[in-house]
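# Could you look at this predicted model? Sequence included:
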Amino acid sequence: MNFVADDRAVLFQHAFDVLFKGCAAEPRCNASYPHLQTVFYRLISDLNKKPIMFQLQTGNHSLVRLTGNDLVNWLFGALYKTYLIPQLPGVIYQISRQDYTHLSLLYSQGLYNSMSLGMFYSVMCSEDMAYTTSGWDAYLPSEQLPSVPVLECEASLCGTEKADHQ
């Protein structure tokens, strides 16, 4: 079983369903962005066929190439920033109308610059495990797990012993 191809798709779908149903249930959002789910999935298909290029709103004005799959990953990450959630339906609609202004601004700010990876994985694991088809056991090899040098290094800095991976 491939976690990325199988369970991750379920996690993304659940997150997007919450966004789409939330917008549809809120009268002002639904009036401003009707059929958001349909617009989003059509946009993914269109961008996978013909990716877009847009310029970041940073000092160096870098160009970004965005496919439908890139948009899916970006949107999923954006859902972890609660202050962005009310903006996301509008961003989806703007992109569908070839207006990349808001996307460029949000993309330029970066979603992950201030995120603690420990916090990210703690939340991901605790929240997302409920939507996977099986627990972690399906992904753990039956033989001993290999050591992880980064963790060993950090453990040595803390003065703790190397963890036994059995």
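Arrived safely, thanks for sending.
# going forward, measure contacts between C-alpha atoms and count neighbours the same way
Will do.
# What residues of stretch 49-57 count as buried?
51-52, 54-57 (16 or more other Cα atoms under 10 Å).
# same thing with stretch 8-24?
10-12, 15-16, 19-20, 23-24.
# Would you mind identifying the next helix or strand past the longest helix seen in the chain?
If you go by DSSP state H, the chain has its longest helix at helix 7-25. Scanning forward in sequence from helix 7-25 by DSSP states H and E, the next helix or strand is helix 27-32.
# Rounded mean pLDDT for that next one, please.
Averaging pLDDT along helix 27-32 gives 97.
# C-terminal to that helix, which secondary structure element comes first?
By DSSP H and E, the next helix or strand past helix 27-32 is helix 36-49.
# what packs against that following helix?
helix 7-25, helix 68-78, helix 88-96 (3 or more Cα pairs under 8 Å, 6 or more residues apart in numbering; DSSP states H and E).
# Can I get those helices in TSV including distance to Leu43?
As requested, the helices and strands packed on helix 36-49 are arranged in TSV below (distance: least, Cα to Cα, whole Å):
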stretch	distance to Leu43
helix 7-25	14
helix 68-78	7
helix 88-96	6
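# Looking at the ones you listed, which is nearest to Ser108?
helix 68-78 (12.1 Å; Cα to Cα).
# In the protein, where is pLDDT below threshold?
Along the chain, the parts satisfying pLDDT under 70 run over 1-7, 110-166.
# Make sure I have this right: Met53 is in a helix.
No. Secondary structure assignment (DSSP: H, G, I helix; E, B strand; the rest coil) places Met53 in strand, not in a helix.
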